[in-house]
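> prediction below, plus the sequence it came from.
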Amino acid sequence: MGAVLLVGTLAALFAGLIYSGASLPLLVVDPGPVVRFGLPVAKAFVNAGAAVSLGALLLAAFAFPERSSIFSRAMGVSAVGAGVWTAASITTAFFTFLSVYVEPVSLDQRFGEVLWLFLGETDVGRAWLVTTLLAAVVTVMSVLVRSYPLVFATGVVAVTAWWPLAEQGHAAGTANHQAAVSSSFIHAVFAAFWVGGLVMMLIAHWSDKPDNTVFHRTLERYSTIALVSFIAVGASGVTNAVLRVGSFEGLASPYGVLVLAKVAALAVLGLWGAWYRTRLLQTVKKSVGTSARPTLIRVMMLELGVMGVAMGLAVALSRTQTPVRQVPSEQLTQPTPAEILTGEVLPPEFEWVRVFTEWKIDLLWVLLVGFGIFFYVAGHRKLAKRGDSWSIWRTVSWVSGLLILGFVTNSGLALYGTYLFSIHMLAHMLLSMAVPLLLVLSAPVTLASRAIAVRKDGSRGPREWILAVVHSRYLVVLGHPLVASVLFAVSLIVFYYSPLFEWALREHLGHQWMILHFVFTGYLFAQALVGVDPSPHNPPYPMRLIIVLATMAFHAFFGLSLIYGTGLLAPDWYGAMGREWGLDPLADQRQGGELAWGLGEIPTLALAIVVTYGWMRSDDRANKRRDRLTDREGDLELDEYNDMLAKRAQWSEARPNRS
């Protein structure tokens with residue numbers, strides 16, 4: 001299995017390098033054939049090892065029972081893959097250093113100092129150092145871990161290890177850097193899930209001979225993973241191609257031809273996937289014994305070979321000159337301040353209509369919004385087909401919340417928020433207040449628990465993972481109304497009056513963290529107060545209303561601090577952008593404070609109305625319960641009160657008259 005993947009990868013890699021000319025000696029300073037060929041080969045092993053590790057971890061977490069031998073085998077496969085990933089990352093880092101180090105390799109102290117300087121002080125060196133360390137952590141954890149929560153944590157570390165390489169895949173400070181980083185990260189991670197999952201499926205069922213029911217069940221689960229991965233890989237591949245090819249004329253270049261070859265390989269894989277879902281899965285399910293399995297395994301082996309071709313072409317593309325030159329801003333002849341800071345030219349002068357006409361696409365959020373809407377609507381339809389009721393308004397609330405999330409992260413709000421604090425603050429208000437409130441009112445956990453099938457074989461599916469997270473002790477603590485309100489309010493001050501704000505402005509990772517933080521803390525806050533999903537906390541409505549009013553006061557305080565403040569937040573960013581249109585930075589910041597105070601109160605007021613409405617409904621339900629109890633058993637409280645009065649009257653009559 002591994003040989004099939006590697007043969008396909010190396011064959012396509014060498015063919016791509018030779019065709020594109022990337023294997024030819026460099027004109028200025030050539031590092032030699034060992035580095036020219038060794039570097040892409042080492043990178044191919046990085047991709048293969050990471051894919052095997054990630055695929056095994058994913059199937060261990062979502063497809064295999066925790067107590068089964070196949071689960072333990074998956075963790076062993078992950079350890080081997082991560083070990084190859086670690087060793088190949090070390091080799092790739094060393095060859096990358098040799099590609100820029102023009103002197104002969106030596107074992108003296110000076111060579112070691114220069115190598116360490118490369119790893120510690122350059123962006124590409126640090127990226128490979130971090131990736132190597134994280135891959136080593138994945139290796140150790142895969143050996144030691146045998147429980148679902150820790151398997152999930154290992155997978156998070158493995159996915160994180162791809163981010164530094166994604167940031168180096170498109171030169172920092174160049175145009176469309178953030179879009180390229182997101183698409184490269186998505187492409188690498190989901191390709192690894194797809195390829196590594198297929199390798200793990202073959203390993204799992206090559207030696208063992210489970211019955212057809214088990215084989216069909218695990219294959220069906222992998223088929224769903226493969227479908228999602230195909231969509232993500234296809235969308236991110238198109239994005240990468242558009243950013244690097246630039247135009248149809250660019251497709252005639254060696255880079256463009258390799259892109260077309262990779263597209264053809266992905267198309268073949270997509271057709272195979274469709275065949276899996278429509279024909280082959282049903283054949284396996286209906287077949288007697290293991291009659292269909294040999295054919296299926298041969299098809300999967302062939303598919304793995306085509307995947308290897310796609311991986312080899314991907315590595316060859318990374319060594320090929322793109323039609324669109326990627327020149328960092330510091331290498332431009334006369335870069336503007338905006339180009340130095342963002343890598344982009346200043347957009348046109350801001351007008352409100354440009355919020356809807358100018359776009360800055362971030363594929364990560366496009367896919368999250370798209371998948372989120374699809375799966376929620378699919379859950380609603382599933383309930384409707386079996387005759388269960390589900391409010392259409394909850395579905396409208398979910399879709400509206402995600403559409404607003406997609407709009408904020410991809411529209412002119414995302415573009416102009418980079419240059420105008422006021423637009424950034426408007427986006428913040430929508431992300432932290434409007435989006436979470438709509439998502440909470442849609443009761444996604446309740447829908448998932450009712451619509452997603454229950455796993456009965458000891459494995460964890462999406463339903464089991466969602467419920468495990470919701471009922472975890474960490475979320476119980478974070479979801480407490482007082483804790484959630486403190487996180488929601490205090491983190492506002494901590495974020496804007498600390499280096500976190502500039503980190504979110506300058507680094508794409510910081511920007512993504514900022515969005516997640518705003519939505520997550522807002523969701524916890526709204527869920528604690530008006531959540532429809534079951535919660536271990538059920539604070540009395542007066543306390544909820546007090547928390548809402550206190551939050552309104554805190555937002556007003558924050559807005560006033562911006563309106564009357566004399567210091568500029570992130571002065572080295574907003575104050576150094578060099579734009580000649582719009583308000584000056586301090587006046588724009590004050591306008592942002594006005595938005596935080598005024599516009600930010602609208603979702604809070606809506607939250608207060610929902611809390612008050614819930615309070616009224618709670619009283620109505622209590623009154624109805626009391627009325628039903630009275631009709632059934634009589635008014636016990638009133639009867640007891642009347643009895644007490646009667647006894648007092650009798651006692652008064654029995655006492656002698658002392659007057």
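It's in.

> confidence score at L302?
For L302, the pLDDT comes out at 84.

> cool, and the one 3 residues further on?
Residue-level confidence at G305 comes out at 88, pLDDT.

> helix or strand for it, just tell me which one.
helix 293-318 (DSSP states H and E).

> ok, V102 next?
Here V102 is assigned to no helix or strand, by DSSP H and E.

> same deal with the one 10 residues further on?
Counting by DSSP H and E, the element that carries G112 is helix 109-121.

> now swap in L487 and tell me
helix 481-496.

> what's whichever helix or strand comes after that helix packed up against?
The first helix or strand that comes after helix 481-496 along the chain, using DSSP H and E, is helix 499-506. Judged by 3 or more C-beta pairs under 8 Å, 6 or more residues apart in numbering; DSSP states H and E, helix 499-506 is in contact with helix 481-496, helix 508-530. For glycine as for every other residue, the C-beta is placed from the backbone atoms N, C-alpha and C.

> so which of those is nearest F14?
helix 508-530 (33.2 Å; C-beta to C-beta).

> that closest one vs helix 481-496, what angle?
150 degrees (axes from the mean of the first three to the mean of the last three C-alpha atoms, to 10 degrees).

> tell me which stretches of the stretch 551-659 of the chain form helices.
For the stretch 551-659 of the chain, the helices defined by DSSP state H, counting those that start in this stretch occupy 585-597, 601-633, 636-654.

> apologies, that question was intended for the stretch 51-200 of the chain.
69-100, 109-121, 123-144, 148-160, 163-168, 177-206.

> possible to save those helices as a markdown table with mean neighbour count and distance to L367?
A markdown table is the format used below for the helices of the stretch 51-200 of the chain (neighbours: other C-beta atoms under 10 Å; distance: least, C-beta to C-beta, whole Å):
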| stretch | mean neighbour count | distance to L367 |
| --- | --- | --- |
| helix 69-100 | 21 | 25 |
| helix 109-121 | 13 | 33 |
| helix 123-144 | 20 | 23 |
| helix 148-160 | 19 | 14 |
| helix 163-168 | 22 | 15 |
| helix 177-206 | 24 | 7 |
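
> pipe those into a markdown table and attach distance to F62 per row.
Below are these laid out as a markdown table (distance: least, C-beta to C-beta, whole Å):
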| stretch | distance to F62 |
| --- | --- |
| helix 69-100 | 11 |
| helix 109-121 | 35 |
| helix 123-144 | 16 |
| helix 148-160 | 10 |
| helix 163-168 | 22 |
| helix 177-206 | 10 |
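
> among those, which is nearest I392?
Taking those one by one with C-beta to C-beta, helix 177-206 is closest: 31.9 Å.

> could you give the average pLDDT over the helix or strand following that closest one?
Next helix or strand after helix 177-206 toward the C-terminus (DSSP H and E): helix 212-245. Averaged across helix 212-245, the pLDDT comes to 84.

> what comes up buried for helix 212-245?
For helix 212-245, the neighbour count (16 or more other C-beta atoms under 10 Å) marks 212, 214-219, 221-223, 225-227, 229-237, 239-245 as buried.

> can you check stretch 364-384 too?
L364, W365, V366, L367, V369, G372, I373, F375, Y376, G379, H380, K382.

> any idea what sits nearest T612, other than its immediate chain neighbours?
Of all residues not flanking T612 in the chain, L545 sits nearest, at 6.8 Å (C-beta to C-beta, 6 or more residues apart in numbering).

> mean confidence for the one helix or strand that neighbour maps to?
Using DSSP H and E, L545 falls within helix 541-563. On average, the pLDDT along helix 541-563 is 82.

> who does it touch, helix- and strand-wise?
helix 481-496, helix 508-530, helix 585-597, helix 601-633.

> contacts for stretch 466-473, please.
Y148, P149, V445, A448, S449, I452, R460, L475, D533 (C-beta atoms under 8 Å, 6 or more residues apart in numbering).

> can we see that at 6 Å?
By C-beta atoms under 6 Å, 6 or more residues apart in numbering, the residues outside stretch 466-473 that reach it are V445, A448.
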